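S.K.: Here's my sequence, what's the structure:
(chains A and B)
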Amino acid sequence: MLTFVIRRLLLAIPTLLFISLVIFLLLELSPGDPLGDVPLTVPPEVKERMREALGLGRPWPVRYVLWLKQFFYVEPLYWIDGIFRTDFSQGMQRIISFQSRSPVFDVIAQRVPQTLTVVGMSYLIGVMIAIPIGIISAYKQYSWFDQLGTFVSMVGFSMPTFFTGVVLIIIFGVKLQWFPSIYDTTHQVTDWDSFLVQVRQMVMPVTVLALYNAAQISRFMRASMLDNLGQDYVRTARAKGLGERTVVMKHVLRNSLIPVVTVIALGLPAVFGGAIITEQVFKVNGLGQLLISAIHANDIPMVLTLTFIFAILIVIFTLIADILYGILDPRIRYD
Amino acid sequence: MTETERQQRLDREELVAETAGPAPVSTELPPDDPVHAGEETRSQWRDVWRQFRSHTGAMVALVLFIGVILFVTIGPYIWTADPAYVDILARNTGFTAEHPLGTDQLGRDMLARLMVGGRVSIAVGLTAMILAITLGSLIGVLSGYFRRLDAPLMRLTELFLALPLLPLLLLMVTLFREPLSQAFGPAMGIFLLIVSAIGATSWMQSARIVRGDVLGLKEREFILAAKSIGTPAPRMILRHILPNVLSPIMVAATLGIATAIITESALSFLGLGFPPDFPTWGRLLYDAVDQMQMYPTRVILPGLLISLTVLCVNYIGDGLRDAMDPRIRGR
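M.R.: Next comes the predicted model:
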């Protein structure tokens, strides 16, 4: 297992390098010009100097290697300086956003908490709802609970988040005026009242996303439980005289969770990516919103860094899913 | 009904009564007609269809889905209003006899626009799903079955999974919009672009699921038995592996149609799908969001149609899944 993990970690390096190159080249090919918004009255030679100041004058391989150096060398050094009060990174250029002219990582650090509270919370709630529903639905297949649970999760899964979000805004934001339709990210939680305000503004985005996640995961959970309930070992367990509770909650549940854990782990990076559309609907300025605005503004360093961070997270969580798969299911052998 | 069959049925009923609490509805199936019992052939697909029919939700969904298909295909021949005709005097009307579902901010007939929009949305969903599922199950089976192919194919899958999809789709759409529009015309060009973009970015989940199942299957005894009598790999895959992973493939396929329709709507919702004069359900929803406080029906109608179609597809897939699994069939 250890060699497997080490091998996978080593393999992740070329994978990530390749992904970063692909993203870089795609951005390089994109027709947008970061200087497109500069007024036409600016003379061409000044524009050329602005271009050089942004680092765009050099050929792309040089810029790619420079970005890699900034990402993997300068930024970690900068963090070390921040923690230990050293000055290793003195005079080194950090990755700068074209839009705001501030370091990309500072902007990302500002946005992470919003995304994590809203989207992370909804994922957690979604998983907690999904697993019991999946178990009961599969165990009592075709019962009224299964029909209802299936219907609700089907509806939840079928309604795109931009539609549920908009409908919730129309009902609870516009008509009933219970919850604010726009998420206020400047809100500070200091006491009980401000905490309640925070909860109130989180209700709608969290509901939308939790419903969507729970619907997906409970489908997987039900399918996986059904697969296992028909297996021979279940009959064996019953034949041994084990109680129904032990059979389902110990034998079947544990085996059914194997693929579901994989699905949950694979879905986690999307939490950090932020459900881009939901953030757009409720005006949560998290990572997803940052990415969209950066794409529209041709902010190449921002798009490149953000997408690459998402890629790193995905690779890490895929590895975690595989390791869990191996630990949970001894039939799977990785050698 | 032979003696063994009767015995099996009794066994099964006993097992169900013991284990599953209240007996499921499906055991209440009427007994086979004794007159035809001797001559009735029981093909696999007839069994599947019979089980499918007993799934009420799936049957309702099938009827509704056919209804939606008829609505978008035959509908424009019955309701012949031009979806692109701008009648600026009749803009923002409510439900009237002339415009049963009202008009938009330019006075275009909503009913006609919903019909035409649905054509595109459903066509995109089906085509993208077929593309994605073919690719996904091919790669999944190959990498699960052939140990040598496993690592490179899974690297490829991981590579695709690690590519953040929305930016990628966005970049593909902005990059290839112009050349493809010129080569195939604006509508066809964007259609090809969106279908291939969605297909190329959504096969990975099904590949992983299929691979996982194949890996588990390979450790089973019947595969060992088939291998020990010298079954060659192609027949092994076609006869033993594929039929056993068909039900996850079906589930993945239904999820695939759903995701494709939703992805197309999402692209349109972000303003990156089909051009504005070319309505799809997602585009209609996007256009209506600005005025949702005054005209909420215009947001709700396309949204409802998207949800209804996806819901039907999902239910059909669910019924199929239950019907195609021989271990569940007959319970």
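S.K.: And chain A, is stretch B:52-68 touching that?
M.R.: Yes: if you take C-beta under 8 Å from any C-beta of the partner chain as the test, stretch B:52-68 does meet chain A, through B:56-57. All C-beta spots, glycine's among them, are computed from the backbone N, C-alpha and C.
S.K.: any residues touching that stretch, and which ones?
M.R.: For stretch B:52-68, the external contacting residues (C-beta atoms under 8 Å, 6 or more residues apart in numbering or on different chains) are A:147, A:150-151, B:25-26, B:29, B:118, B:122, B:305, B:308-309, B:311-316, B:318-320, B:322-323.
S.K.: Return a PyMOL selection command for the buried portion of those residues.
M.R.: This is the PyMOL syntax for the buried subset of the contacts of stretch B:52-68, where burial follows 16 or more other C-beta atoms under 10 Å in any protein chain shown:
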select buried, (chain A and resi 147+150) or (chain B and resi 26+118+122+305+308+309+311+312+313+314+315+316+318+319+320+322+323)
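S.K.: Mind checking which of the contacts of stretch B:52-68 are in helices?
M.R.: Counting by DSSP state H, the members of the contacts of stretch B:52-68 that fall within helices are A:147, A:150-151, B:118, B:122, B:305, B:308-309, B:311-316, B:318-320, B:322-323.
S.K.: Which is the succeeding secondary structure element to the helix or strand encompassing A:Ala109?
M.R.: Per DSSP states H and E, A:Ala109 falls inside helix A:104-115. Downstream of helix A:104-115, the next assigned helix or strand under DSSP H and E is helix A:121-139.
S.K.: That following helix: which residues count as buried?
M.R.: Buried residues in helix A:121-139, counted by 16+ other C-beta under 10 Å: A:121-123, A:125-127, A:129-131, A:133-139.
S.K.: Now do the residue nearest to B:Phe95 when sequence neighbours are not counted against A:Pro301, distance only.
M.R.: Take B:Phe95 and drop its neighbours on the chain: the residue closest to it by C-beta to C-beta, 6 or more residues apart in numbering or on different chains is B:Gly102, 5.7 Å away. To A:Pro301, B:Gly102 is 46 Å away according to C-beta to C-beta, to the nearest Å.
S.K.: what does B:Ser265 give?
M.R.: B:Ser265 is 31 Å from A:Pro301, where distance means C-beta to C-beta.
S.K.: For the two, work out which one has more neighbours and name it.
M.R.: Using other C-beta atoms under 10 Å in any protein chain shown as the criterion, B:Ser265 and A:Pro301 rank with B:Ser265 on top: 30 against 24.
S.K.: Can you tell me the element that one falls in?
M.R.: Applying DSSP H and E, one finds B:Ser265 within helix B:242-269.
S.K.: Next secondary structure after that helix?
M.R.: helix B:281-289.
S.K.: just checking, what packs against the helix holding A:Ala109?
M.R.: Packing contacts for helix A:104-115, counted by 3 or more C-beta pairs under 8 Å, 6 or more residues apart in numbering or on different chains; DSSP states H and E, involve helix A:253-273, helix A:287-296, helix A:300-328.
S.K.: export the ones you listed to JSON lines and tack on mean pLDDT?
M.R.: Putting those into JSON lines (pLDDT from 0 to 100) gives the following:
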{"stretch": "helix A:253-273", "mean pLDDT": "82"}
{"stretch": "helix A:287-296", "mean pLDDT": "80"}
{"stretch": "helix A:300-328", "mean pLDDT": "83"}
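S.K.: Chain B: which of these is closest?
M.R.: helix A:300-328 (4.2 Å; C-beta to the nearest C-beta).
S.K.: Now do the closest one: which elements does it pack against?
M.R.: Using 3+ C-beta pairs under 8 Å, 6+ apart: helix A:300-328 touches helix A:2-29, helix A:104-115, helix A:253-273, helix A:287-296, helix B:147-162.
S.K.: how much distance is there from the helix or strand following the longest one to the middle of the chain?
M.R.: Next along the chain after helix A:2-29, taking DSSP H and E as the criterion, comes helix A:44-53. With C-alpha atoms, centre = their mean, to the nearest Å as the basis, the distance from the averaged C-alpha position of helix A:44-53 to the chain average is 37 Å.
S.K.: now swap in stretch B:57-68 and tell me
M.R.: 13 Å.
S.K.: Now it - C-alpha only, PDB.
M.R.: Extracted as PDB, the C-alpha positions of stretch B:57-68 are listed here (Å, rounded to 0.1, in the frame of the first residue of the first chain):
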ATOM      1  CA  GLY B  57     -42.900   5.900 -11.800                       C
ATOM      2  CA  ALA B  58     -40.900   4.800 -14.800                       C
ATOM      3  CA  MET B  59     -44.100   4.100 -16.900                       C
ATOM      4  CA  VAL B  60     -45.500   7.600 -16.000                       C
ATOM      5  CA  ALA B  61     -42.100   9.100 -16.900                       C
ATOM      6  CA  LEU B  62     -42.000   7.200 -20.200                       C
ATOM      7  CA  VAL B  63     -45.500   8.600 -21.100                       C
ATOM      8  CA  LEU B  64     -44.500  12.100 -20.100                       C
ATOM      9  CA  PHE B  65     -41.200  11.900 -21.900                       C
ATOM     10  CA  ILE B  66     -43.000  10.800 -25.100                       C
ATOM     11  CA  GLY B  67     -45.300  13.700 -24.500                       C
ATOM     12  CA  VAL B  68     -42.400  16.100 -24.200                       C
END
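S.K.: Check which residues of it are buried.
M.R.: B:57-58, B:61-62, B:64-65, B:68.
S.K.: Enumerate the residues of the stretch 51-200 of chain A near chain B.
M.R.: Residues of the stretch 51-200 of chain A lying close to chain B (C-beta under 8 Å from any C-beta) are A:139-143, A:147, A:150-151, A:154-155, A:157-160, A:162-163, A:166-167, A:169-170, A:174.
S.K.: that's a strand at A:Gln188, yeah?
M.R.: No: under DSSP: H, G, I helix; E, B strand; the rest coil, A:Gln188 falls outside any strand and is assigned coil.
S.K.: residue contacts, it?
M.R.: A:Gln188 neighbours (C-beta under 8 Å, 6+ apart): A:Ser194.
S.K.: Distance check, it against B:Val48.
M.R.: For A:Gln188, the distance to B:Val48 - C-beta to C-beta - is 59 Å.
S.K.: again with B:Thr157
M.R.: 30 Å.
S.K.: Quick one: low-confidence residue ranges for chain A.
M.R.: A:30-38, A:57, A:89, A:91, A:272-275, A:333-335 (pLDDT under 70).
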